[in-house]
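In: Coordinates for the following, if possible.
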Amino acid sequence: MAKKSKDENAVYKIVEVVGSSPTSWEDAARSAVESAAKTLRDLRVAEITKLDMKLDNGKVVAYRARVSMSFKYED
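Out: Residues are numbered from 1 along each chain as shown. This next block holds a predicted model:
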């Protein structure tokens with residue numbers, strides 16, 4: 001019988017955060033991940049699920065990225 005790997009039966013929690021940046025969606029996504037990493041341990045995967053922009057008088061004033069991230073539950 002094959003030995004099971006340590007992560008084979010792992011359980012992950014998914015959280016969603018929104019980052020913003022006045023310069024780009026990439027910076028907005030990076031901001032979301034870096035902020036979440038301050039309080040969540042062992043982040044594994046980040047997926048951008050939505051991009052949008054904040055407007056003021058018809059001008060883009062901020063880029064926003066909604067990011068889903070997963071981290072492993074600890075035993």
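
In: tell me how far the helix or strand where Tyr63 lies is from the chain's mean position?
Out: For Tyr63, the host element (DSSP states H and E) is strand 59-72. The chain centre lies 7 Å from the centre of strand 59-72; the measure is Cα atoms, centre = their mean, to the nearest Å.

In: Packing partners of it?
Out: On a contact count with 3 or more Cβ pairs under 8 Å, 6 or more residues apart in numbering; DSSP states H and E, strand 59-72 meets strand 12-21, helix 25-37, strand 43-56. In short, each C-beta sits where N, CA and C put it, glycine included.

In: Residue ranges in this structure under the pLDDT threshold?
Out: Across the chain, residues meeting the criterion (pLDDT under 70) sit at 1-8, 75.

In: Which of the helices and strands packed on strand 59-72 has the highest mean neighbour count?
Out: Of all these, helix 25-37 carries the top mean neighbour count, a mean of 17, counting by mean count of other Cβ atoms under 10 Å.

In: can you give me the angle it makes with strand 59-72?
Out: Going by axes from the mean of the first three to the mean of the last three Cα atoms, to 10 degrees, helix 25-37 is angled at 40 degrees with respect to strand 59-72.
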